[in-house]
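**Student:** predicted model and sequence below, questions to follow.
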Amino acid sequence: MSYPPVRYQGVRGETTAWLRPHDAPRDVDNAAGGGAAYLATAAATGGAFGLYRWDMGPGPSGPGPHFHRSITESFYVLTGTVRLFDGGRWLDAVPGDFLHVPIGGVHAFRNESGEPASMLLLFTPGAPREEYFEVLADAARREAMTDDERLDFFLRHDNHWL
């Protein structure tokens, strides 16, 4: 394994870093008492990655088994207990646990603990997941979709359900 090709040709570096404060509000709230904070979107990272904090309320929540054809997805549990599906079994993940899902890997996650939980979601390369999170959080928008619109929405966002 070697380093990727050089993409920055400058000699002194640049002042281009940015900070999202820990107390910034979530970007999306959902009906289950959780939501998403957009820590680093694909647009902000030049498509290198997308990093999101996913907060889950105490009630059962999370997607069923699915896979992606163009992105990897990784999970890092921050608080609580999150059930992670690795394609073969459900695992109880606690703070500090990490699960990486390669492209095409079946996975899912749920909060069934009765307590709030939070984790980081990392997508590589970066993909525009923001619209996906926003539509999923907006039950009225989601329920207004026809079956064909729902199928198109999931395919557009590289979600393939089992």
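**Tutor:** Perfect, thanks for sending it.
**Student:** so which residues of this structure form strands?
**Tutor:** 28-29, 35-40, 50-56, 66-67, 72-79, 82-85, 90-93, 98-101, 108-110, 117-124, 160-161 (DSSP state E).
**Student:** so can I have TSV of the ones you listed showing distance to residue 136 and mean neighbour count?
**Tutor:** Glycine gets a C-beta too; all of them are placed from N, C-alpha and C. Below are the strands of the chain laid out as TSV (distance: least, C-beta to C-beta, whole Å; neighbours: other C-beta atoms under 10 Å):
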stretch	distance to residue 136	mean neighbour count
strand 28-29	8	17
strand 35-40	9	18
strand 50-56	11	23
strand 66-67	12	18
strand 72-79	15	18
strand 82-85	17	21
strand 90-93	21	14
strand 98-101	18	16
strand 108-110	13	20
strand 117-124	13	20
strand 160-161	13	12
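**Student:** quick one: closest of those to residue 152.
**Tutor:** strand 160-161 (12.9 Å; C-beta to C-beta).
**Student:** by mean pLDDT, flag the weakest helix or strand of the protein.
**Tutor:** helix 139-143 (a mean of 73; mean pLDDT, DSSP states H and E).
**Student:** show the contacting residues for the residue nearest the centre of the chain.
**Tutor:** Geometric centre of the chain, nearest residue: residue 121, 4.0 Å, by C-alpha atoms, centre = their mean. Neighbour list for residue 121: 50, 51, 52, 53, 54, 73, 74, 75 [criterion: C-beta atoms under 8 Å, 6 or more residues apart in numbering].
**Student:** look up how far residue 103 lies from it.
**Tutor:** 15 Å (C-beta to C-beta, to the nearest Å).
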